[in-house]
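A.B. asks: Predicted model and sequence below, questions to follow.
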Amino acid sequence: MDFAFSEEEVAIDEGLGNPKLCRNPGPGLYSHGPPFTSTPHILQQHEALSARELDHIFPIIDPKAKPATNHKVMVNSSNSSHMEGFSIDRPPFFSGNDYFYWKNRMTWFLKSMDLWDVIEDGPYIPTKIENGVVVSKPKQEWDEFDRKKIQLNARVIHCLYCAIDRNEYNHICQCKSAKDIWRWLEIIHEGNNKVKESKINILMRSYELFFMKDDESIVEMFTRFTNIINELQALGKVYTEYEKVMKILRSLPKKWEIKVTVIQEAKDLTKLPLEELIGSLMAYEITMKSRQQVEDMKKKSIIFKASIIDKEEEEASEEDEDLALIIRKIKKFIKCEKNKEKKFYPKKDSQKKELSNVENRRKT
């Protein structure tokens, strides 16, 4: 069968997911492909021929099948920060929230690109020695090495511009070096030395008052603990491994007292890594949960047996009450019958008494 379409028109575009013949060559809604739904209309003869050929080229295997991709999903360059995790060459995006998290990620990103020296040392300035004095080189005397070193500052500035939103850009757009940009972001989100000291005091108090909650798991507790430690470390306050281990052990509730005692006696806490401590506590937590489940099952079985016994006793007591009620009704019935006899035969009883009295008189 000869088709009315060329091979170029039938070829599927991998970027758009549909063949060229499905796109309207002119401007409009369908210039990049067919719509997901369309309004039916009466086909002309040439349109009907094209439709039959399309049905033959692209047969519908399952009419009820859902589309493999979401036709409504549109990629917006302004929201590209949400896709940053898919590329190791894309800097982490900062929108003004959680600066400590972004700062740490951005630091390692720049180090991985061999650009961190520009942040620490500032932009490279070509120099030369004249009459025993170090002076700046004029631009006309720059060599290839000088140009590459100067270009590094522009590369880092470009990375930082790509990693921040418009509000953050407004804060640092006047800076001429990557080092100044980094310093201004630190001042804005961390503050000066006095502000840092105040934040450190607040976090240190949270550290000192830290304890594990009753309804909290080891992982949840450790997550809260590391958040405090990381923020303190970002502000320059660092705790040793031993201090962290001791703080974790002191923060555990009373039900962990046996485990804490065992760890203190069996381990050298000055050499105990924090991850080993957390692993030991997590293993003990699993053991406690399994024991608790066994105890709960035992309690449920005891309660179930007790409920069965109570039910049987209730049924027996109900039977006894029913029997007692029947006996009471029988007694009441007999009593009623006796009262009826007395009411219907009172004369006979009086005549019997008179005859007995007369006989007694005769005998006397």
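C.D. replies: In hand now; what should we look at?
A.B. asks: Name the residues of stretch 267-287 that are buried.
C.D. replies: In terms of neighbour count (16 or more other Cβ atoms under 10 Å), stretch 267-287 has its buried residues at L272, L274, L277, I278, S280, L281, Y284. Where you see a C-beta, it was placed from the backbone N, CA and C, and this is true even at glycine.
A.B. asks: Dump the residues you listed into CSV; add pLDDT and secondary structure as well.
C.D. replies: Formatted as CSV, the buried residues of stretch 267-287 follow (pLDDT from 0 to 100; DSSP: H, G, I helix; E, B strand; the rest coil):
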residue, pLDDT, secondary structure
L272, 90, coil
L274, 90, helix
L277, 91, helix
I278, 91, helix
S280, 90, helix
L281, 91, helix
Y284, 88, helix
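A.B. asks: now those residues in JSON lines, with distance to R166?
C.D. replies: Listed next are the buried residues of stretch 267-287 as JSON lines, based on distance: Cβ to Cβ, whole Å:
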{"residue": "L272", "distance to R166": "48"}
{"residue": "L274", "distance to R166": "40"}
{"residue": "L277", "distance to R166": "45"}
{"residue": "I278", "distance to R166": "41"}
{"residue": "S280", "distance to R166": "48"}
{"residue": "L281", "distance to R166": "45"}
{"residue": "Y284", "distance to R166": "50"}
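A.B. asks: Can you tell me which of these lies closest to I157?
C.D. replies: Here the nearest of the buried residues of stretch 267-287 to I157, counting by Cβ to Cβ, is L274; it sits at 37.9 Å.
A.B. asks: Please list all residues in contact with the nearest residue to that closest one once chain neighbours are set aside.
C.D. replies: Closest residue in space to L274, ignoring its immediate chain neighbours: K244 at 5.2 Å, by Cβ to Cβ, 6 or more residues apart in numbering. With contact taken as Cβ atoms under 8 Å, 6 or more residues apart in numbering, K244 is in contact with F225, I229, L274.
A.B. asks: contacts for the helix or strand harbouring the second one?
C.D. replies: Counting by DSSP states H and E, the element that carries I229 is helix 218-234. Helix 218-234 is contacted by residues 100, 103-104, 190, 199-200, 203-204, 206-207, 210, 212-213, 238-239, 244, 247-248, 251, 278, 281-282, 285 when judged by Cβ under 8 Å, 6+ apart.
A.B. asks: same thing but at 7 Å, please
C.D. replies: 100, 103, 200, 203, 206-207, 210, 212, 239, 244, 248, 278, 281-282, 285 (Cβ atoms under 7 Å, 6 or more residues apart in numbering).
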